[in-house]
Every structure is written in structure tokens, then in C-alpha cells.
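Engineer: Would you be able to build a 3D model of this:
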Amino acid sequence: MEMINIEDYKDSTLAKMAEEKKQTVPIEAKVTLTIKEAAEYSNIGINKLESLLRSPRCPFVLYVGKKKLVKRREFEKFIADNIEI
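Structural biologist: Numbering: from 1, shown residues only. Below you'll find the model as predicted:
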């Protein structure tokens, strides 16, 4: 039978507890979304979103360094104003 190191057990248990306590902000309360969050939120594919974000006049892209974020309110307005993308 394999012996379990009590320190490893404590570390893994503490990590699980910290993960459970980690608070997440609901999407409705966020100002910006990651591409993955925007895809889940809108049911639009990641590839299509990345294509839209590359557009020169995209109204809902926010650059943070090289990272692209989606401005949630502008994104919602974009979806409401368009019948196809």
C-alpha cells in the first residue's frame, strides 16, 4: 500500500479550499470580457469574435497591451443593432 505524505495532502487540501473561496464576478457586473467569456455570453464562436475584433473600426475592442478585451455594453449594443454578422 502506498504511503501518503501528510504535507502533500495538506497542500492539496488547502489549494482546493482556496479555489472554492475564490470569488468570481458575474458577467453582468463586468465592464470588459475576455474573448472566451464573450463567446460564452453571446453564443458566438471564438474565431468569429476574433475576426470581428480585428476589424479596424470595431466599436467594442479594448487593447490592454497586446491583449484584446471586449467592452460588454458596446458588444451588447453591437449585437442588438445587427441582424447578421
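
Engineer: Which helix or which strand is home to the closest residue to residue 46 other than its chain neighbours?
Structural biologist: Leaving aside its sequence neighbours, residue 46 sits nearest to residue 39 (CB to CB, 6 or more residues apart in numbering; 4.7 Å). Every residue, glycine included, has its C-beta placed from N, CA and C. Per DSSP states H and E, residue 39 falls inside helix 35-42.

Engineer: Quick one: list the elements packing against that helix.
Structural biologist: helix 46-54, strand 67-71, helix 72-81 (3 or more CB pairs under 8 Å, 6 or more residues apart in numbering; DSSP states H and E).

Engineer: same thing but 10 Å
Structural biologist: strand 32-33, helix 46-54, strand 67-71, helix 72-81 (3 or more CB pairs under 10 Å, 6 or more residues apart in numbering; DSSP states H and E).

Engineer: Go through those and pick out the most buried.
Structural biologist: Of all those, strand 32-33 carries the top mean neighbour count, a mean of 20, counting by mean count of other CB atoms under 10 Å.

Engineer: Given it, what are its sheet partners and their directions?
Structural biologist: strand 67-71 (antiparallel) (DSSP bridges).
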